[in-house]
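Enquirer: Next come a sequence and a model predicted from it.
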Amino acid sequence: MNLTIFLLALFDGIAYAALVFIVALGLTLIFGVMRILNVAHGSLYAIGAYATVALTGFFLSLGLAPALSFPLMLVAAILVGILLGGPIEWLLLRRIYDKPEVLQLLVTFAVFMILEDVQRLVWGTQPYFEARALQALGNVTVFGVTYTVYQLILLPAVALVLLLGLRFFLRRTILGKLITATTEDREAAQSIGIDADKVFLLTFIVGAALGGLGGALASPTTSILPGMGADMIVLSFAVVATAGLGQIEGAALTALMIGLGRSFAVYVWPEVAVLVPYLIMVLVLLVRPEGLFGSPAARKI
Amino acid sequence: MKTLFVTTALCAALPMAALAAEKPETLKIGMTTFLTGPASVFGVPAQEAAKIIVENINAEGGINGVPLEVSFIDEGAGAEALTSEYRRLVESEGVEVMFASISSGNCQTLAPLAEDLQVPNFMWDCGTQKIFEEQDYEYVFRTQANATPEMLAAVIYLLKTKPDFKTIAVVNQDYAWGRDSWNIFSTALKAMKPDVEVVGEFFPKFGAPDFSTEISRLQALRPDVILSTSWGGDLDTFVQQASQRGLTNSSTFVLPLAESSFERLGASLPAGHIVGARGDHYFLHPERREDADFKAFMEEYESRTGQVSVYPVFHTSQAFAALQAAYSKAIEENGVDWPSEEQLLAAMEGLEFQGLGRPVKIREDHQGVEDQMMGTTVQNGDYPFATMKNIMIFDGDDITTPVGEESIEWVSGLDASFIDTVAVDSFEN
């Protein structure tokens, strides 16, 4: 393997990792704060993508510039967070925080199944493709290989901004500190006057919006079709579990490992490319069952 | 004496009576198709087509006065749900003929079940060539071609139109179809053009949302030809990403199932690439597009669905055409009002019928012989998506594995001279 190929694989890996990270970020945030593994996150990702396609299709058909697609992605993500994330937390999850994990998993899985059918009802079964946002940014050629600016530069940039932004938010702002405090110890936080219900609702909306944003950002690069959510939830769960549940920086590093592992596999040994994310997960969890960045849970009496 | 005579007459008439069946009120058909999952890009158009066809047949008085009634089973629900629904339709609902299925895996599951349940089963869409090569079936028939002629047509068209290419790479879905179709294609290619070099073999997982890495690698490898037998969302994503990044300018793509993606791909499938349609299925079929029945159906389908017809629609029409032809033949040959199951099965062998494409014939091994259409894409502005030019329709008899032979073995025994032995009709567009 020469340097050129090494760099090509590196670029592909980073672009792929960026997208996986954005989706995994929402999942790990929700788990970190609420201790709920939200299987419905996959649907939020898919609906974010569908909503972006619908919004972009509508507004661009009015003759507006393709650059408008970018704010529309944000709009789609926020809509997913508020219109879906809000009611899911408020109507369902709120009732089951103290129930066994299996039940929580089943409830979010049920939501996932319902939302899968909702997508089919609303958008049908034919794949959509809406790439005008990606085309608006054009291509760059590196070592004779053409990349899209969107995948090579924009996606990694957005992932980086989200990582740093979320770190800053959780550590440096009051609201972020309230969330962190509730995560550490819910009862203690409530006893000093933090409204844990509100914190949970907010976290879930933000997490859901991140899932939606992942879908929105993925939409110009891939076919939007039923089942895309199931695929993403499996992969982002692998990232979150490998990183250690609730670990934001860990999710970034793991997404990068998985992205790079996969792209190098395509160059070196394409047959195992599909396996790579799970091989990495198995290897990490064998050595560190709590995940790369996870700490062994201290039992509370 | 009189009693004796009547009894004798009755006894003599009995075998005759046993042969004919009582005419049912409705002829119930069960059809398995993907209503959910990625393959619903085929299953839903097929279902729409089935509804239109049944309405049309019933409006003309059904089959010998008996109206059709179709029940659909979702193949996307999983093999277990599929088999139990299949069983239920046959055993409790009185379904007389089953159409199953789209997925090759499902065909392999359901073919033995059809034998057990003794229900005539038309394999209306699945591609695996192995079914009749590995097993003999009494109740199972295929109303279309299989993977072998489909792949052979692609190889021959490629060699006819681009005889001097040197290198090829493949990007197929990582499941039975992706692997098997490459096996047939590469075996045929090596047999007919041994100097071709395979420079890359990629099998991204089924439903992969991203082919960026494969595309980078292909841009570095620069193969003359890139084959992909992918379909649906996977094919759309691959072609879109490849055209976004200019790969469609540097390599010729061979996409044997691209006809079903034309409309969705729009301008992203540029001119000059080789495409196929799993048979002679094309909404602008050069021989059929002026025919009244063809035109009427295409218009009706488009006005109902807002989309042009794709190959599963044609496959559906062939299954129903086979059904009509088989009942008519059985009724006529036996001089009955309604045929028994044996009479129907007997009528299937050697049956000729015509759906929306050219006529199809059922061989003695129950495999359908269907002509294969290939073409080159063109973006000429008549439609907001690619259509075909330089169309060739290959004779199904010449490219279907002979009865009793195994496909890979037969294909590997071919050589370059085979290309000229295949009967072909060419059309400008």
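Expert: Noted; the coordinates are in hand.
Enquirer: which is the next helix or strand following the longest helix belonging to chain A?
Expert: Ranked by number of residues, the top helix in chain A under DSSP state H is helix A:3-34. Next in sequence after helix A:3-34, counting helices and strands by DSSP states H and E, comes helix A:41-61.
Enquirer: what's residue B:339 in contact with, if anything?
Expert: Residues in contact with residue B:339, defined by C-beta atoms under 8 Å, 6 or more residues apart in numbering or on different chains, are B:20, B:21, B:327, B:330, B:331, B:347. Backbone N, C-alpha and C define where each C-beta goes, glycine included.
Enquirer: And those residues, which is closest to chain A?
Expert: For the contacts of residue B:339, the minimum distance to chain A (C-beta to the nearest C-beta) is 32.1 Å, reached by residue B:327.
Enquirer: Neighbours of the closest one, how many?
Expert: As a burial measure, residue B:327 scores 22 neighbours (other C-beta atoms under 10 Å in any protein chain shown).
Enquirer: and if you look at residue B:284?
Expert: Under the criterion other C-beta under 10 Å, the count of neighbours that residue B:284 has is 16.
Enquirer: likewise the one 4 residues further on?
Expert: Burial of residue B:288 is recorded as 20 neighbouring residues (other C-beta under 10 Å).
Enquirer: Flag every buried residue along the longest helix of chain A.
Expert: Of the residues in helix A:3-34, those buried under the neighbour-count criterion (16 or more other C-beta atoms under 10 Å in any protein chain shown) are A:5, A:8-9, A:11-34.
Enquirer: mind checking the backbone torsions on the residue in the stretch 301-429 of chain B that chain A sits nearest to?
Expert: Across the stretch 301-429 of chain B, no residue is closer to chain A than residue B:307, which sits at 7.7 Å (C-beta to the nearest C-beta). Dihedral angles of residue B:307 (phi, psi; degrees, to the nearest 10) stand at phi -130, psi 160.
Enquirer: For it, which non-adjacent residue is spatially closest?
Expert: residue B:263 (6.0 Å; C-beta to C-beta, 6 or more residues apart in numbering or on different chains).
Enquirer: sorry, back to before: any chance of the contacts of residue B:339 in CSV, plus distance to residue A:124 and secondary structure?
Expert: Putting the contacts of residue B:339 into CSV (distance: C-beta to C-beta, whole Å; DSSP: H, G, I helix; E, B strand; the rest coil) gives the following:
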residue, distance to residue A:124, secondary structure
B:20, 45, coil
B:21, 41, coil
B:327, 34, helix
B:330, 39, helix
B:331, 40, helix
B:347, 39, helix
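Enquirer: sorry, back to before: C-terminal to the one helix or strand the residue nearest to residue B:307 maps to, which secondary structure element comes first?
Expert: The secondary structure element spanning residue B:263 is helix B:262-265 (assigned by DSSP H and E). Towards the C-terminus, the helix or strand next in line after helix B:262-265, according to DSSP H and E, is strand B:274-276.
Enquirer: Show which residues not belonging to that following strand make contact with it.
Expert: Counting contacts by C-beta under 8 Å, 6+ apart, the residues touching strand B:274-276 from outside are B:150, B:153-154, B:157-158, B:161-162, B:252-259, B:262, B:269, B:372-377, B:386, B:388.
Enquirer: I'd guessed residue A:56 sits against residue A:130; true?
Expert: Yes - using C-beta atoms under 8 Å, residue A:56 is in contact with residue A:130, at 5.3 Å.
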